[in-house]
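1. need a structure here:
(one chain, ligands or ions: 2)
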Amino acid sequence: MLKTVRTTPYTDQKMGTAGLRKKSTIATQENYLENFVQSIFNAVGGVKGQTFILGGDGRYFNKTAIQKIMKMSAANGMKKMIVGQYGLMSTPTSSRVLLKNKADGGFVLTASHNPGGINGDFGIKYAVASGGQCPTSVSDKIYENSKNIQEYKILEAPDVDLSCLGTQKLGDMEIEVIDPITEYVQMMEKIFDFAAIRRLFASGFTFIFDAMNAVTGPYARRIFVDILGAAPDSVVNDVPMEDFGGLHPDPNLIYAKPLVEKMYSDNAPDMGGANDGDGDRNMILGKKFFVTPSDSLAILTDNYKYIPAYKNGIYGVAKSAATSTAVSRVAKALNIGYYEVPTGWKYFCNLMDSNRITFCGEESFGTGSCHIREKDGIWAILSWLNVIAATGKSVEQITREHWQKYGRSYYMRNDYDGIDVNVANKLMDDLEQRMPSLVGKKFGNFTVKEANPFIYNDPVDGSSTKNGLIVYFTDNSRIVYRLSGTGTNGATLRVYLERYETKQLDEDVEKMLEELADVSRQIGEITERTGKVKADLLT
Ligand code: VG1
Ligand code: CO
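-> Residues are numbered from 1 along each chain as shown. Ligands and ions are numbered 1, 2, ... in the order given. Purely as a prediction, here's the structure:
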């Protein structure tokens, strides 16, 4: 039976860098999810007759939310919903299924790399027909709707069984339950040289993939073990759990500690990798060796020829402004297009749609290509395996040769967490005001060459976005300041440090960036304003 439910608005449903992200305790409040979903439907002028994709990373509330969304979609006249088996689907798979079916939109229930469980976070990513996250113009409309919502529609019906593949009906709406892994595998087979990777594993190449108890576990087992022949114990933490087994599914040197320890031990395998909660982030490790995501983007771009899907040439490459400039040097050498966009994958989408770029990446462990409109964790790992299989070189060798050819960007992100929102906003506003007066000033060994807010003018839709503040120094070092749009605990100030060197120098990145970190606190007046003498998290 169709039901119209009276509701009162929540005022905090503004989307951040990638969808809506909230503490589970907030997201599970009465009508909270329903309000948000109905606001989306209202903002886009209704979903009557449309097709949507639905899935999630399996975190706490995933199962309940899926049922609610299916029933609301049916009540709103949607024609068809394509749902992942058991309600699971990684973000990259969702983008693929959306594009393949020419669907009108898609939901991935995830807070990405944030912890899950009752005491963790929940979230929703909303994608539009282009296959990527909705643009700001759309999220603004949704937010306006959410502040005035009075009612939502829902079908009163028993829960849908999502364990069996195939088609069923929910009211008048068709529900097709698909196997997301098969969809994803089919796409990967077309991009990579699976035969060469199979030979690599058969030759004794050792590998470990940590799925962090999140959505990509079953994908990794199918691809790396069943299809490519890696040893069965090379995929770990591969059963998706509602609380990720207490892990923080953020693939970096801090949160993927067990993997990192293994890769830095004497019996380390040849390569290690990890993904985040919803499978769009990746980390690449060699034997006692870590590849920064910024370098990974540069290296894959430089080696595109080894990957079958790209061997005939690539259009260009893009990175977020906060990402190191490593890939800019490759773009120059290859004489291909190069773009710098604000943080958030959605800014790459227009560039891909208009054939301006093929590869793109962010320093936050995101790498991808135009095969979909999201970053893609397993794709990045397969890319490395493919390059290793084709060149016969190790992760470390490939990276060191890259530094030799192009020089090296020593790079690190410093996060200052849990800052009072007003203090953080004022810090950024005041720094922006001070920027012109910084030019020419000397801070230790660093002299400011230029200091500006980062403003992006989209060459396709003409929109303009301001995101972060950048200080450039005369020696090509840079500091980028911005506030996180995905945190759920006060404000997080992110400070991105980069120092470019052509000589082979000290290996200790933290030491190499020590002075620049001090300079960043000085310029941002971070300690005076936040009381923090050091960053809370270095990645
Ligand atoms: C962070 C990262 C950003 C990334 C976003 C979503 O955003 O810095 O690069 O695109 O998370 O990643 P912020 O605003 O907190 O810095 V995920 O894996 O949601 O899709
Ligand atoms: Co993610």
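2. neighbours of residue 226, just the number please.
-> Residues near residue 226, counting by other C-beta atoms under 10 Å, number 13. Bear in mind the C-beta positions are built from the backbone N, C-alpha and C, glycine included.
3. typo on my end, residue 309
-> Residue 309: 19 surrounding residues under other C-beta under 10 Å.
4. With residue 170 instead?
-> Around residue 170 there are 20 other residues, counting by other C-beta under 10 Å.
5. Now do the contacts for it.
-> Residue 170 makes contacts with 70-71, 74, 81, 155, 157, 160, as judged by C-beta atoms under 8 Å, 6 or more residues apart in numbering.
6. now residue 427
-> Applying C-beta under 8 Å, 6+ apart, we find residue 427 in contact with 419, 493, 524-526, 529-530.
7. Buried residues in the strand or helix carrying it, which are they?
-> When secondary structure is defined using DSSP states H and E, the element that contains residue 427 is helix 421-438. Along helix 421-438, these residues count as buried under the neighbour rule (16 or more other C-beta atoms under 10 Å): 424, 427-428, 431-432, 435.
8. what about that helix, distance to the chain center?
-> Offset of helix 421-438 from its chain centre (C-alpha atoms, centre = their mean, to the nearest Å): 27 Å.
9. Report the contact partners of residue 465.
-> With contact taken as C-beta under 8 Å, 6+ apart, residue 465 is in contact with 136, 342, 347, 455-456, 458.
10. coming back round to it: can you name the two of the contacts of residue 170 that are farthest apart?
-> Based on C-beta to C-beta, the longest span within those runs between 81 and 157 and measures 13.3 Å.
11. Find residues that contact each of those two.
-> Common contact partners of residue 81 and residue 157 (C-beta under 8 Å, 6+ apart): 74, 170.
12. So if I had to pick from those two, which one is more boxed in?
-> For residue 81 against residue 157, the residue with the higher neighbour count under other C-beta under 10 Å is residue 81, and the figures read 26 against 16.
13. and that one, what element?
-> When secondary structure is defined by DSSP H and E, residue 81 falls within strand 80-88.
14. before we move on, the earlier item: and which of the contacts of residue 465 is nearest residue 469?
-> residue 455 (10.5 Å).
15. so who does the closest residue to that closest one other than its chain neighbours touch?
-> Distances taken as C-beta to C-beta, 6 or more residues apart in numbering place residue 466 nearest to residue 455, at 5.1 Å, with adjacent residues excluded. Residues touching residue 466, when contacts are defined by C-beta under 8 Å, 6+ apart, comprise 342, 453-456.
16. between those, which is closest to ligand 1?
-> Each of the contacts of residue 466 was scored against ligand 1 by C-beta to the nearest ligand atom, and residue 342 proved nearest at 9.5 Å.
17. For the closest residue to that closest one other than its chain neighbours, give me its contacts.
-> Spatially, and ignoring its direct neighbours in sequence, residue 342 is nearest to residue 467 (3.5 Å; C-beta to C-beta, 6+ apart). Under the criterion of C-beta under 8 Å, 6+ apart, the contact partners of residue 467 comprise 321, 342-344, 454, 456, 482.
18. let's see it at 10 Å
-> 17, 320-322, 341-344, 347, 453-456, 480, 482-483, 485 (C-beta atoms under 10 Å, 6 or more residues apart in numbering).
19. Shouldn't it be within a helix?
-> No. The assignment for residue 467 (DSSP: H, G, I helix; E, B strand; the rest coil) gives strand, which keeps it out of a helix.
20. What residues are bridge-paired with residue 339?
-> When bridges are assigned using DSSP bridges, the partners listed for residue 339 are residue 318.
21. residues contacting it?
-> Applying C-beta under 10 Å, 6+ apart, the residues near residue 339 are 316-320, 328, 331, 347-348, 350-351, 356-357, 360, 456, 458-459.
22. Then residue 245?
-> 116-117, 212-214, 237, 239.
23. now do residue 299
-> Taking C-beta under 10 Å, 6+ apart as the definition of contact, the neighbours of residue 299 are 284, 291, 326-327, 330, 383-384, 387, 395, 398-399, 401-403, 406.
24. got it, and residue 43?
-> So residue 43 contacts 126, 134, 138-146 (C-beta under 10 Å, 6+ apart).
25. Tell me, how many residues neighbour the residue of the stretch 301-450 of the chain found nearest ligand 1?
-> Residue of the stretch 301-450 of the chain nearest ligand 1, by C-beta to the nearest ligand atom: residue 364 (3.5 Å). Neighbour count for residue 364, taken as other C-beta under 10 Å: 27.
26. Let the chain start at 13 from now.
-> Taking 13 as the first residue, the last one we looked at is residue 376.
27. Hmm, it is touching residue 497, no?
-> No. Proximity of residue 376 to residue 497 does not meet the contact threshold set by C-beta atoms under 10 Å, at 11.5 Å.
28. Assign a three-state SS to residue 473, would you?
-> Local secondary structure at residue 473 is given as coil here, using three-state DSSP.
29. Provide the backbone phi and psi angles at it.
-> Main-chain torsions, residue 473, degrees, to the nearest 10: phi -100, psi 0.
30. Contact partners for it?
-> Under the criterion of C-beta under 10 Å, 6+ apart, the neighbours of residue 473 are 147, 149, 362, 366.
31. low-confidence ranges in the protein?
-> Flagging of the chain using pLDDT under 70 yields the residue ranges 518.
32. ok, which residues in it are in contact with ligand 1?
-> By the rule C-beta under 6 Å from any ligand atom, the part of the chain lying against ligand 1 is 29-30, 124-125, 288, 292-293, 332, 355-357, 374, 376, 378, 496-499, 506.
33. go with 8 Å
-> When proximity is defined by C-beta under 8 Å from any ligand atom, the chain lies next to ligand 1 at 28-31, 33, 103, 122-125, 135, 137, 288-290, 292-293, 332, 334, 355-357, 374-378, 386-387, 494-499, 504, 506.
34. Tell me which of those residues fall in strands.
-> 33, 135, 137, 332, 374, 378, 494-495, 504, 506 (DSSP state E).
35. Which entries in those are shared with the contacts of ligand 2?
-> Near ligand 2, taking C-beta under 5 Å from the ion as the test, no member of these is found.
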